[in-house]
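Engineer: Provided below are the primary sequence and the corresponding predicted coordinates.
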Amino acid sequence: MGKLKDIPKIDRPRERFMERGSDALSKSELLAILIGSGIKGKNVKELSGQIIKKFGKNFLNISVADLLEIPGIGKAKALQIVSAIALVRRCVDELNPKDNIIQSAREAVALVTDIRDKKKSISCAYI
């Protein structure tokens, strides 16, 4: 494949994203936007496609070291990718908090403080 600038604008990932939104792009095209540029002989779409193909379902668990094994991915690009994954993981964790697993007496007290002076019994979903 030639340079990305040789591809019609409507077929370039950034332009398609702006025109049609993220759902119109493949995973490799979204990654291409994040990476930004390719290397000599391989445009960014090819490079991102190679990464998605290599890691497949394990993509969310890749490390900087994993990415550094790919020709054309240096420390800066590897850090960009791994940082983006970490950011998404944190945001998802905040939206979907883990079940209330009580791991200490202090946590138990914090959970029951508001009901300790109640006169009626209250069923507890934690048990």
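Structural biologist: That came in fine, so what should we check first?

Engineer: Could you report the distance from the nearest residue to Ala108 once chain neighbours are set aside to Glu94?
Structural biologist: Leaving aside its sequence neighbours, Ala108 sits nearest to Ile102 (Cβ to Cβ, 6 or more residues apart in numbering; 4.9 Å). C-beta coordinates here come from the backbone N, C-alpha and C atoms, glycine included. Distance of Ile102 to Glu94, computed by Cβ to Cβ, to the nearest Å: 20 Å.

Engineer: So those two - more neighbours on which side?
Structural biologist: For the pair Ile102 and Glu94, the greater number of neighbours falls to Ile102 (13 against 8), based on other Cβ atoms under 10 Å.

Engineer: quick check, the residue nearest to Ala108 in a strand?
Structural biologist: No - applying DSSP: H, G, I helix; E, B strand; the rest coil, one finds Ile102 to be coil, outside a strand.

Engineer: Need phi/psi at it.
Structural biologist: In terms of degrees, to the nearest 10, the main-chain angles of Ile102 are phi -80, psi 120.

Engineer: Could you check how far it is from Arg116?
Structural biologist: Counting by Cβ to Cβ, the separation of Ile102 from Arg116 is 15 Å.

Engineer: now do Leu25
Structural biologist: Leu25 is 53 Å from Arg116, by Cβ to Cβ.

Engineer: If you count surrounding residues, which of these two has more?
Structural biologist: It is Leu25, of Leu25 and Arg116, that has more neighbours when counted by other Cβ under 10 Å, with 17 against 7.

Engineer: residue ranges of the strands in this protein, please?
Structural biologist: Using DSSP state E, the chain contains no strands.
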